[in-house]
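[1] Sequence and computational prediction follow.
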Amino acid sequence: MHLDDRRHALMDAMDTQGVWPADSKWVRRAILDTVPRHDFAPDRLWTWNGDDAYVPVDRQGDPDGWADLVYAGPDDSTITQILDGLPSSSLSCVAVVADMLDSLMLEPGPKVLEVGTGAGWNAGLLAARAGPGNVVSLEVDDGLAAAARRSLATLGLDVAVHTGDGNAGWPAGAPYERVIATYAVEDIPWAWIEQTRPGGRLVIPWGRLGHIALTVADDGKSASGWIQGLGMFMPSRGTAQGREHHAIRGDSVPDRTVRVDHDLRALTDAHLVFALRVSHPDIRIATRTTGTGLTVQLHDGVDSCATATVDDAGNTTAYEGGPRRLLADIAAGRRRWEERGTPPLWDFGMTVTPEGQHVWAGDAQAGAYTA
């Protein structure tokens, strides 16, 4: 299948899922016609081998496999770089890119700061809307920055790509009317807000789950806004990612069997999972449906983990390892969510000041949402 055919197939899949933003029709036009995704994909991509490692897929040796990775499903990212055995850069999945660009409320003309150039595709989409000379993009990796400059220049897209620490922003170009990040941060850097005009808008992936849109207050002393959607992003370069479940679990026998009095099938509810991400940000939750029910895995990235299986009748078998009682922590977070009226993820928001940030549900004046 030709690259253009694959591109149109992906666009059709976006149509079928109904995930093109209705209020930002320019996004569809830019992705389909102006800024082709494959023009920013390096000749070597990476894919998980299903077992224990990421393996390369080269355009020359496997052109069909390469194209399949570039134009996978709407919710599939394309891994473009591996460092120390882990993904360190990617072309983000099209559905989330479209959603974030819609959240940015970008019109032609304003000055935009992007942090995290990567391959340059998102910067190209921004430039196609904002116009020549209006986009500044920062990338910490010299090699990625140079490749992005080449790709953007080839398409005639005028973006100023600088090498530097994205968390520090680019004060030389400030103030900006729009700021967008392409990597996840747990704590919103104040520099990004400080470099944005009062009334300006920032769209930022927050932690391991979800992206938020913030508007800078008229006095420039704070920024507030709402969660816009779910999505997983790579953390900023140098952020410790912690140990994965299998590394914590190892081959040893679990420390203890745990009785579970609540239905863990509720962990398939995205709104509950997001509330748990707020109340217990260090606990990572993964669920997998099997032929006989549901498997749930929890871990804290350090030394504690839990595994539970729930059959179709709701019977649960659970084990834990490490010092923490993760299943009890999750149960407490769920009770808190229910006591607050089970707010959907769209009801969560954040306020950021120079002193720090807090997440709230329903009302910015209600105080921080905690377990």
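    Noted; the coordinates are in hand. Residues are numbered from 1 along each chain as shown.

[2] Next, the contact list for the nearest residue to Pro21 once chain neighbours are set aside, please.
    Once flanking residues are discounted, Pro21 sits nearest to Asp102: 3.4 Å by CB to CB, 6 or more residues apart in numbering. From N, CA and C alone the C-beta is placed, and that goes for glycine too. Contacts for Asp102 (CB atoms under 8 Å, 6 or more residues apart in numbering) come out as Pro21, Asp23, Ser24, Val27.

[3] helix/strand/coil for Asp102?
    Of the three states, Asp102 takes helix under DSSP: H, G, I helix; E, B strand; the rest coil.

[4] That one and Gly341: what is the separation?
    28 Å (CB to CB, to the nearest Å).

[5] Show the end-to-end separation of stretch 147-165, please.
    Criterion CA to CA, to the nearest Å; first-to-last residue distance in stretch 147-165 is 17 Å.

[6] How about it, which residues are buried there?
    Ala147, Ala148, Arg149, Ser151, Leu152, Leu157, Val159, Ala160, Val161 (16 or more other CB atoms under 10 Å).

[7] Look up how far Tyr54 lies from the first one.
    For Ala147, the distance to Tyr54 equals 19 Å [CB to CB].

[8] The fourth one too?
    Taking CB to CB as the measure, Ser151 and Tyr54 are separated by 23 Å.

[9] Next: the fifth one.
    According to CB to CB, Leu152 and Tyr54 sit 26 Å apart.

[10] nearest spatial neighbour of Phe274, skipping sequence neighbours?
    Phe274 sits nearest to Leu345 (CB to CB, 6+ apart), 4.0 Å away.

[11] what sits against that neighbour?
    So Leu345 contacts Gly210, Ile227, Leu230, Ala270, His271, Phe274, Ala275 (CB under 8 Å, 6+ apart).

[12] Check the offset of the helix or strand encompassing the second one from the chain's centre.
    Ile227 belongs to strand 223-229 when assigned by DSSP states H and E. For strand 223-229, the gap between its own C-alpha mean and the chain's C-alpha mean amounts to 14 Å (CA atoms, centre = their mean, to the nearest Å).

[13] What is that strand packed up against?
    helix 94-104, strand 196-205, strand 211-216, strand 348-353 (3 or more CB pairs under 8 Å, 6 or more residues apart in numbering; DSSP states H and E).
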